[in-house]
Every structure is written in structure tokens, then in C-alpha cells.
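[1] Next one to model:
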Amino acid sequence: MSRIGKQIIAVPAGVEISINGNNIKVKGPKGELEFDCPEQIKVVVKENNIQVTRKGDEPEDRSLHGLTRALVNNMVIGVSDGFQKKLEIIGVGYRAQVSGKKLTLNLGFSHPVELTAPEGIDVKMDEEQKNTIVISGVDKQVVGQFAAIIRKFRPPEPYKGKGIRYSGEYVPRKSGKAAAGGKDK
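    Below you'll find the predicted structure:
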């Protein structure tokens with residue numbers, strides 16, 4: 001039995017779950033998510049709990065068991081609490097601006113980088129910390145993917161630490177060039 005797959009998912013108050021064949025819909029105060037479950041996996045709702053079981057014991061069935069349980073759990077957490085990623089922009093002249101669904105990044109390129117947030121994603125600047133972008137939404141995968149796309153434009157470099165990094169991310173630093181000694185002719 002899968003260690004993750006056999007765990008029961010507790011459904012918080014205000015979250016509704018409907019199962020129609022292999023289709024699972026989760027509705028809550030933050031939004032609504034939908035997932036097509038694989039045929040080898042069975043999802044059952046009992047009282048305020050969700051249990052995920054598998055029909056067979058094939059290797060593919062075992063791998064899908066834990067995956068499906070994790071995806072359903074993330075759906076329940078997403079519609080009740082939501083997910084959030086924070087990105088810090090570090091570097092002289094590096095800035096970000098948000099206007100509606102449009103994010104404009106000035107990252108030292110010859111032109112500003114403009115991104116439009118996907119459907120269901122909220123992007124804003126943190127008022128407490130300068131140059132911190134807050135990405136939030138109900139779908140964990142979409143929030144993480146959009147944060148990764150933003151970070152990819154200017155990942156943190158190890159010498160000066162400039163770039164875009166996740167909040168709390170450790171960037172190992174390197175010392176740079178050695179002192180100007182070495183061989184004389």
C-alpha cells in the first residue's frame with residue numbers, strides 16, 4: 001500500500017466534492033477545480049473524508065495511487081486556503097510593476113519584459129517589502145509554473161547574488177576571481 005495514497009484527506013467546512021465517474025470537482029470559497037482521475041484509481045467520499053484506493057497492484061497502479069491522492073489533496077487545500085509564492089528581485093535597477101493582470105519586469109535587458117498572468121492567478125507587489133512579487137491562486141501547479149517562468153528570466157547568480165529568487169531560497173555564493181598575483185611572465 002502506498003504510504004501517501006492510503007492517507008485519508010479531511011475535507012474542511014465549506015468545501016464541496018462531487019464525483020461523476022472519473023471526474024472529480026472540488027468547489028470552495030476560493031474557487032473551483034476539476035480533475036480527471038485515472039481509471040485504475042477509485043476515489044470515495046465518506047462523511048467529511050476522501051479516501052483514494054487502487055483497483056490493482058501493478059507498478060503503474062501503485063505510482064498513480066499516491067499521485068492521485070496528492071493531486072486531490074492539493075485541490076482541497078487550494079479551494080479552501082489557496083497557494084502563494086513570493087519572488088524577491090535583487091539587483092540595482094531591477095524592478096517590477098503590476099497593473100491588472102500584466103506584470104512588467106525591468107531586469108537589465110534592453111527592453112522591459114511583459115507577462116500576462118494566466119487565468120485564476122493573482123499577481124501583486126508586496127507593500128511591506130520592496131521588489132517582492134506575490135503570486136497566488138487555487139491551482140498549485142499553475143502558481144508554481146508561473147513563478148518558475150518569472151524566475152527563469154533572471155535566475156540568481158552566485159557571485160553578487162543578483163536576480164530573481166524565491167523568498168527564503170538559499171543561493172550559494174562564490175568568491176570570484178583570485179587576487180591579481182600568480183605567475184610573472
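[2] Residue ranges in this structure under the pLDDT threshold?
    Applying pLDDT under 70 to the chain flags residues 1, 179-185.
[3] just the helices in it please.
    When secondary structure is read from DSSP state H, the chain shows helices at 59-80, 140-152.
[4] got the angle for the longest one vs helix 140-152?
    To tie it back to what came earlier, the one meant is helix 59-80. 80 degrees (axes from the mean of the first three to the mean of the last three Cα atoms, to 10 degrees).
[5] I'd like to know which elements helix 59-80 is packed against.
    Other elements packing on helix 59-80 under the criterion 3 or more Cβ pairs under 8 Å, 6 or more residues apart in numbering; DSSP states H and E are strand 9-10, strand 23-27, strand 32-36, strand 41-46, strand 49-54, helix 140-152. Where you see a C-beta, it was placed from the backbone N, CA and C, and this is true even at glycine.
[6] How is this structure partitioned into domains?
    Listed domain ranges for the chain are 9-80, 83-166 (source: automatic domain parsing).
[7] that older thread, winner for burial among the helices of the chain?
    Highest mean neighbour count of the helices of the chain: helix 59-80, a mean of 19 (counted as mean count of other Cβ atoms under 10 Å).
[8] hmm, who's touching that one?
    2-5, 7, 9, 11-12, 14-15, 17, 24, 26-33, 35, 37-38, 40-41, 43, 50, 52-55, 83, 137-141 (Cβ atoms under 8 Å, 6 or more residues apart in numbering).
[9] quick revisit: need the helices of the chain in TSV (columns: distance to residue 90).
    TSV is the format used below for the helices of the chain (distance: least, Cβ to Cβ, whole Å):
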stretch	distance to residue 90
helix 59-80	29
helix 140-152	12
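[10] out of those, which comes closest to residue 87?
    When the helices of the chain are compared by Cβ to Cβ, helix 140-152 sits nearest residue 87, at 5.9 Å.
[11] CA atoms of that closest one as PDB?
    What follows is the C-alpha trace of helix 140-152 in PDB, where atoms were taken according to Å, rounded to 0.1, in the frame of the first residue of the first chain:
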ATOM      1  CA  LYS A 140      -0.800  24.800  -7.000                       C
ATOM      2  CA  GLN A 141       0.700  23.700 -10.400                       C
ATOM      3  CA  VAL A 142      -0.300  26.900 -12.200                       C
ATOM      4  CA  VAL A 143       1.000  29.100  -9.300                       C
ATOM      5  CA  GLY A 144       4.400  27.300  -9.300                       C
ATOM      6  CA  GLN A 145       4.700  27.200 -13.000                       C
ATOM      7  CA  PHE A 146       4.100  31.000 -13.400                       C
ATOM      8  CA  ALA A 147       6.600  31.700 -10.600                       C
ATOM      9  CA  ALA A 148       9.200  29.500 -12.400                       C
ATOM     10  CA  ILE A 149       8.600  31.300 -15.600                       C
ATOM     11  CA  ILE A 150       9.300  34.700 -13.900                       C
ATOM     12  CA  ARG A 151      12.400  33.400 -12.100                       C
ATOM     13  CA  LYS A 152      13.800  32.000 -15.400                       C
END
